[in-house]
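J.: Following is a predicted model, sequence given first.
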Amino acid sequence: MIPLVLALTATLVPAATPDTDATPADVYVVGISSGGYMADQLHMAHSSTFDGLGIFSAGPYHCARGNLTTAQLACMNDLQDNDPGALQQLARDRAAEGTIDPVDNLTTNPVWIYHGRNDSTVKQSVNDDLASFYTDFGANVSYRNDSPAGHAWVSPLGPNACETTAAPYINNCGDDPQSAMLTHLLGPITAPAPQLSGDLTTFDQNPHAPGGNAATISMGPTGYRYTPSTCTNGDCRLLVALHGCKQSATTIGTTFVENAYLNEYADTNNTVVLYPQATPSTDNPNGCWNWWGYGNDPNYDTHEGQQIQAIMSMVTA
């Protein structure tokens, strides 16, 4: 088992380019494990911006309650009750205070969730709570929990066997979850490109971080972006894709960026894919996204969350 907060893509060296993409018409966010939790936090904090959410194996908003022990017992295991009703009320209270966007935005919002039967890192009950959390807010939830997958992002390009839970946490289960996820989020989509025609480029994450130093909030100096040839001068959707622990570029380069099977769909569906990068630090040795409140960031899952601010700066750049 790979603990989510202690463990959980690198061949290409892209050329750097300036941040000059057109403003996207629609914005979506997806993620795996700690990236799934961060995707959920972004979606809840900025539901006026994000039009849909896709998650591989994570739990409900504010599940960790700012506490590492709770993160391990309630948000990875079933040794502590998540109490989705209490988390829903907290979200309503925060929305009333203005620290997250109005929860009314969640009504009919598409939410796609995937959990594998062999995933013992984040128990199915935790994913069940995530599905219940969004269903009770009136979101349009699609929840798949019949796959034999281990704890991983599942992709036709995954180097690992389906049941595996091991680096680089990208598994091939002989199917194409990205098709189901993107269809649920975007509506009818075009088949993926057999050969990519766009560009994978790098950008500097430092200017987007509060204080101008990404390392101080456990983010890497470099992020990645895939831009289809059809999106260089026109409006396109934006999809933010968030890796899990031990999947950052610092640890395994661009394996996740290249094998998530998102660029292939982006190429044929007018979508730019943004791949922000966390990085290991003293408080975060395995390069997880901040979903339990590490470092000096008590407001980690609100508008004021430091990593949330950095990613939103990238989205609006």
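T.: Received it, and whenever you're ready, just let me know what you need.
J.: Can you give me every residue that contacts the residue nearest to residue 206 when sequence neighbours are not counted?
T.: Spatial nearest neighbour of residue 206, excluding adjacent residues (CB to CB, 6 or more residues apart in numbering): residue 214 at 4.9 Å. Placement of C-beta: from N, CA and C, glycine included. By CB atoms under 8 Å, 6 or more residues apart in numbering, the contact set of residue 214 is 205, 206, 208, 220, 221, 279, 310.
J.: after the helix or strand that contains residue 115 comes which helix or strand?
T.: Residue 115 is part of strand 110-116, with elements assigned from DSSP states H and E. Going down the chain from strand 110-116, the next helix or strand is helix 124-136, by DSSP H and E.
J.: buried ones in that next one?
T.: Across helix 124-136, burial judged by 16 or more other CB atoms under 10 Å covers 126, 127, 128, 129, 130, 131, 132, 133, 134.
J.: That helix to strand 110-116, inter-axis angle?
T.: Put simply, helix 124-136 runs at 170 degrees to strand 110-116, going by axes from the mean of the first three to the mean of the last three CA atoms, to 10 degrees.
J.: residue contacts, the closest residue to residue 74 other than its chain neighbours?
T.: Leaving aside its chain neighbours, residue 74 sits nearest to residue 80 (3.9 Å; criterion: CB to CB, 6+ apart). By CB under 8 Å, 6+ apart, the contact list for residue 80 reads 70, 73, 74.
J.: what's the pLDDT at residue 5?
T.: Listed pLDDT for residue 5 reads 46.
J.: actually residue 18, not the one I typed
T.: 34.
J.: quick revisit: mind checking the backbone torsions on the residue nearest to residue 206?
T.: Taking degrees, to the nearest 10, you get phi -60, psi -30 for the backbone angles of residue 214.
J.: do the same with residue 259
T.: When read as degrees, to the nearest 10, the backbone of residue 259 gives phi -110, psi 10.
J.: Burial check on the closest residue to it other than its chain neighbours, number of neighbours?
T.: Once flanking residues are discounted, residue 259 sits nearest to residue 157: 4.1 Å by CB to CB, 6+ apart. By other CB atoms under 10 Å, the residues close to residue 157 number 15.
J.: nearest to residue 56, of the buried residues of helix 124-136?
T.: Of all these, residue 56 sits closest to residue 127, with 9.5 Å by CB to CB.
J.: Find the nearest non-adjacent residue to that closest one, please.
T.: residue 115 (4.1 Å).
J.: Relative to residue 143, how far out is the one you found?
T.: Using CB to CB, to the nearest Å, we find residue 115 at a distance of 8 Å from residue 143.
J.: When the two are compared, which one has more neighbours?
T.: Neighbour comparison, residue 115 and residue 143: the larger count goes to residue 115, with 25 against 18 (by other CB under 10 Å).
J.: right, and the more buried one touches residue 124 too?
T.: Yes - using CB atoms under 8 Å, residue 115 makes contact with residue 124 at a distance of 5.4 Å.
J.: shared neighbours, the two?
T.: residue 145.
J.: now the helices for this protein?
T.: With helices called from DSSP state H, the chain shows them at 34-45, 68-74, 84-97, 124-136, 177-186, 249-252, 255-259, 263-268, 306-316.
J.: Could you save those helices as TSV and add columns showing distance to residue 298 and mean pLDDT?
T.: Output for those, formatted as TSV (distance: least, CB to CB, whole Å; pLDDT from 0 to 100):
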stretch	distance to residue 298	mean pLDDT
helix 34-45	14	98
helix 68-74	13	96
helix 84-97	13	97
helix 124-136	22	97
helix 177-186	31	98
helix 249-252	25	97
helix 255-259	29	98
helix 263-268	36	98
helix 306-316	10	97
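J.: With respect to burial, which of these scores highest?
T.: Burial of those is given as mean neighbour count (mean count of other CB atoms under 10 Å); helix 34-45 ranks first at a mean of 29.
J.: can you give me the mean pLDDT across stretch 275-293?
T.: Taken as a whole, stretch 275-293 has a mean pLDDT of 97.
J.: in that stretch, what counts as buried?
T.: Quick answer for stretch 275-293 (16+ other CB under 10 Å): 275-281, 284, 286-293.
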